[in-house]
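K.L.:
Sequence first, predicted model second:
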Amino acid sequence: MFENLQDKLDRAFKVLKGQGSITEINVAETMKEIRKALLDADVNYKTAKTFTDEVKEKALGSNVLTSISPGQLLTKIMNDELTALMGGEVTDLDLKSNPTIILIAGLNGAGKTTFTGKLALHLKSKGKKPLMVAGDVYRPAAVDQLQVLGEQISVPVYANKESKDPIAIALEGIAEGKKNNNNVIIIDTAGRLSIDESLMNEISEVKAQTKPHEILFVVDAMTGQDAVNTAKVFNDRLDFTGVVLTKLDGDTRGGAALSIKSVVNKPIKFIGTGEKMEALDVFYPDRMASRILGMGDVVSLVERAQQQFDEKEAAELQKKIRKNKFDFNDFYNQIQQIKKMGNMKDLMGMIPGVGKMMKNVDIDDDAFKGVEAIIQSMTPFEKENPDSIQQSRRLRIAKGSGSKVEDVTKLIKQFEDMRKVMKQFSNPAAAAKMMRNMPKMPQR
């Protein structure tokens, strides 16, 4: 996401590279490049013009300190303005009511049903007790899809396959949720075109009857400016409380994320970043601005890691590492937790400076496939006792995993090296000694 925009912004900033000061001429040239980059990213024209005018005004009104370059100053101003453009601050869901009723709306194919499941899982992880209501009576298998998702994430679904009345189903679902003490009720609805008057009247009536506390408009980010235009029409009818951008992991230019807040004046609350049910992020404008400018997003990376790693398990693992008992079972479990954090290239892009280096590198989502196959071809004894894997065993493991003996040997060597380093760092005194013995960097 945003790779092309990031490249073009980099080229725009190069106009100021080596310049001693910010002037009307070099800023005008830079702003022209930035405006072109935004338009190429499918950002609304008025939004792009207003944005670059504001950046230019602030840049010309700023004094360049001797400790920073004009390019660095402009990057700082751009970061602040991009953050403001996308909403400034994170906007949480209003979950004060019990039960909180959340209505999901949007076009056909935007990913509403999948988002309903992702949101339910997200709220469940926060200690809520959600119920999903299958209110899409038009799309074949929509109800079945929600029920499958419900089983997958262990969240109940209210469905009435005998009824074709979405208003009645929504009200029945709310009654069911109240009866079972569900404190969040998420109502999935059918996709509809904004030009279909009867369906727009129907969703307006669902809103009137259910009185939701939150109305989330789900939009496919890959539709660019069309997403923004559609959001405006839906907002005029529903006055929704927030926007959800799906498919941000796809081939999207990012225009919707940058334009939607300024056009409809409603915050983006969530972004979908993949197909897995865990691939849903709360939208932080400041973090997204940093990523657009290639500055990474370490906070989100740490948060994703915290969601996947259990403190009790981590403590047990620490004990095993200290005793040099870390084995291939532990290693395999760590790989599964990393995979749950999301797309590998996306994760690498969150590390400052790494995103730019990785942009032309294709990282397969199955990057761990070969390693997993080798570990799965080991016997339980071998997994628990890595030292026992001698040549004859390596030959059998290689055949079983469809790899070469050298691949198995290489993995075992890397595993042993990693185990030594982990053991050293698990002992604070040994780690401090190791750091002291590291070669000193030459002084400038």
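P.N.:
Perfect, thanks for sending it. Numbering: from 1, shown residues only.
K.L.:
buried stuff in whichever strand or helix holds residue 203?
P.N.:
If you go by DSSP states H and E, residue 203 is part of helix 197-210. Buried residues in helix 197-210, counted by 16 or more other CB atoms under 10 Å: 199-200, 202-203, 206-207, 210. No exception for glycine: its C-beta is placed from N, CA and C like everyone else's.
K.L.:
of those residues, closest to residue 410?
P.N.:
residue 203 (57.2 Å; CB to CB).
K.L.:
Can you classify the closest residue to the closest one other than its chain neighbours by secondary structure?
P.N.:
Nearest non-adjacent residue to residue 203, counting by CB to CB, 6 or more residues apart in numbering: residue 105, 5.7 Å away. Look at residue 105: counting by DSSP: H, G, I helix; E, B strand; the rest coil, its state is strand.
K.L.:
what are the phi and psi values for residue 159?
P.N.:
phi -140, psi 150 (degrees, to the nearest 10).
K.L.:
Would you mind confirming that it is in contact with residue 147?
P.N.:
Yes - contact criterion CB atoms under 8 Å: residue 159 and residue 147 qualify, at 6.3 Å.
K.L.:
What's the separation between the residue with the largest distance to the centre of the chain and residue 257?
P.N.:
Largest separation from the mean C-alpha position in the chain: residue 392, at 44.3 Å (CA atoms, centre = their mean). For residue 392, the distance to residue 257 (CB to CB, to the nearest Å) stands at 56 Å.
K.L.:
ok, now residue 227?
P.N.:
With distances taken as CB to CB, residue 227 is found 9 Å from residue 257.
K.L.:
shared neighbours of these two, anything?
P.N.:
The contact sets of residue 227 and residue 257 overlap at 221, 245 (CB atoms under 8 Å, 6 or more residues apart in numbering).
K.L.:
which residues touch the nearest residue to residue 95 once chain neighbours are set aside?
P.N.:
Leaving aside its chain neighbours, residue 95 sits nearest to residue 184 (6.8 Å; criterion: CB to CB, 6+ apart). Listed by CB under 8 Å, 6+ apart, the contact set of residue 184 reads 95, 99-100, 102, 120, 123, 128-131.
K.L.:
now residue 241
P.N.:
Per CB under 8 Å, 6+ apart, neighbours of residue 241: 94, 214-216, 266, 269.
K.L.:
So what's the predicted local confidence for it?
P.N.:
Looking at residue 241, its pLDDT reads 91.
K.L.:
From here on, call the first residue 54.
P.N.:
Got it, the first residue is 54 from now on, which makes the last one we talked about residue 294.
K.L.:
I'd like to know which elements the helix holding residue 256 is packed against.
P.N.:
Judged by 3 or more CB pairs under 8 Å, 6 or more residues apart in numbering; DSSP states H and E, the packing partners of helix 250-263 are strand 153-159, helix 219-232, strand 237-242, helix 278-291.
K.L.:
and it with strand 153-159, angle?
P.N.:
Put simply, helix 250-263 runs at 170 degrees to strand 153-159, going by axes from the mean of the first three to the mean of the last three CA atoms, to 10 degrees.
K.L.:
and the angle from helix 250-263 to strand 237-242?
P.N.:
In terms of direction (the same axes, to 10 degrees), helix 250-263 departs from strand 237-242 by 170 degrees.
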